[in-house]
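1. need a 3D model of the sequence below.
(one chain, ligands or ions: 1)
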Amino acid sequence: MTETLAGEVRRRLVLALDFDDSVLAMRWALRLRRTFGVAKVGLELWSAAGPGAVTELVGEGFEVFVDLKLADIPNTTYRAARVLGALGARYLTVHASAGAASLRAGVEGFAEGAERANLPAPAVLGVTVLTSESEAPPELVAERARLAGEAGCGGFVCAAKDLVAARPAAPSLLAVVPGIRLAGRSNDDQGRAATPGAAVRAGADLLVIGRAVTEAENPEAAANEIVGEVLGAVGGGTGPEQATVGSEQAEEATTPPRTR
Ligand code: C5P
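-> Numbers count the residues shown, from 1 in each chain. Next up, the predicted model:
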């Protein structure tokens, strides 16, 4: 089936649901569902609502990104990842700094959980260096991206400006980039922020976006601006009208994003 550009963009946009209340989180996910095909459950929402937040979002048709940044011993990581795989999560973060054995354990557990629940193979994402750090030594970013690839991860997480170091070290993995801000807005606590267009041009596959939309004066307008930038950067669109919030062209996400 030929996919529309709007559908492709939607599968690349991850909404960070950083809320302490699952009702509020779900309200935001549904409000912006035409733009964001992936919903991210991070530490805050997980602490407030646990597995219920994941299953509810899966039930609404989102690809769910569980961002717990696991960094425990291999056995614990394996067992936690297995539970999350069985819940239907599509992406799970594991800290690459936890080492090769923990990364591999996360990959195995996540895949096994999904398989047991008869779900398609999910992807562990190795976190390289947090985007809140103002500096990330390129050798360290490259080493962690390489480690993620060798451990069987489906992707790695890094700042946009780290892609130049990370991409050659893991050429076939999905590059997942948080720290996204629209030009001229506050970076908050993100030390290495980039605009959506710059991140995509640098090679990002998935963009993780939270406050740039959820704390915007007009979230729909911010979402449209992001879509417009991404369309411009992938070279196939002329503007946000191709996949705006509320556009009937936006499609449900039914397949995982491409791998490189
Ligand atoms: O609001 P903002 O767009 O800055 O949110 C970024 C999201 O991405 C947060 O949920 C944060 O935990 C997550 N994240 C990050 N840096 C990483 C990995 C994940 O900011 N390296």
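
2. pLDDT value on residue 69, please?
-> On pLDDT, residue 69 comes in at 98.

3. contacting residues for it?
-> 43, 93, 94, 95, 127 (C-beta atoms under 8 Å, 6 or more residues apart in numbering). In short, each C-beta sits where N, CA and C put it, glycine included.

4. repeat the analysis, applying 10 Å as the threshold.
-> Residue 69 sits next to 42, 43, 92, 93, 94, 95, 97, 98, 125, 127, 130, 157 when contact means C-beta atoms under 10 Å, 6 or more residues apart in numbering.

5. host element of it?
-> Residue 69 is part of strand 63-70, with elements assigned from DSSP states H and E.

6. chain center to that strand: distance?
-> 8 Å (C-alpha atoms, centre = their mean, to the nearest Å).

7. next one: phi and psi at the residue in the stretch 101-250 of the chain that the ligand sits nearest to?
-> Nearest residue of the stretch 101-250 of the chain to the ligand: residue 210, at 2.7 Å (C-beta to the nearest ligand atom). Backbone geometry at residue 210, expressed as degrees, to the nearest 10, gives phi -120, psi -90.

8. just give the number of residues close to it.
-> 21 (other C-beta atoms under 10 Å).

9. that one and residue 52, how far apart?
-> Separation of residue 210 from residue 52 (C-beta to C-beta, to the nearest Å) stands at 21 Å.

10. which ones among the contacts of residue 69 also lie next to the ligand?
-> 42, 127, 130, 157 (C-beta under 6 Å from any ligand atom).

11. list only those of those residues flagged as buried.
-> Taking 16 or more other C-beta atoms under 10 Å as the criterion, what is buried in the ones next to the ligand among the contacts of residue 69 is 42, 127, 130, 157.

12. quick one: pLDDT of the third one?
-> If I follow you right, that is residue 130. 88.

13. ramachandran angles for it?
-> According to degrees, to the nearest 10, residue 130 has phi -60, psi 140.

14. hmm, it is touching residue 190, no?
-> Yes. Counting by C-beta atoms under 10 Å, residue 130 does reach residue 190; the two are 9.4 Å apart.

15. which residues do these two both contact?
-> 159, 178, 179.

16. what sits closest to the first one if chain neighbours are left out?
-> Excluding its sequence neighbours, the residue lying closest to residue 159 (C-beta to C-beta, 6 or more residues apart in numbering) is residue 192, at 3.8 Å.

17. contact partners for that neighbour?
-> 129-136, 158-162, 177-179.

18. the strand holding residue 69: partners in the sheet, and parallel or antiparallel?
-> strand 38-41 (parallel), strand 91-95 (parallel) (DSSP bridges).

19. so for the last one, what's the average pLDDT?
-> Summarised as a single mean, pLDDT over strand 91-95 is 98.

20. ok, the shortest one next?
-> Along strand 38-41, the predicted confidence averages to a pLDDT of 98.

21. next helix or strand past it?
-> Taking DSSP H and E, what comes next after strand 38-41 is helix 43-49.

22. where does pLDDT dip in this protein?
-> 1-3, 236-260 (pLDDT under 70).

23. quick check: closest non-adjacent residue to residue 198.
-> residue 160 (6.0 Å).

24. likewise for residue 179?
-> Closest to residue 179 by C-beta to C-beta, 6+ apart is residue 131, at 3.5 Å.

25. now the one you found, what's its secondary structure?
-> Per DSSP: H, G, I helix; E, B strand; the rest coil, the local secondary structure of residue 131 is coil.
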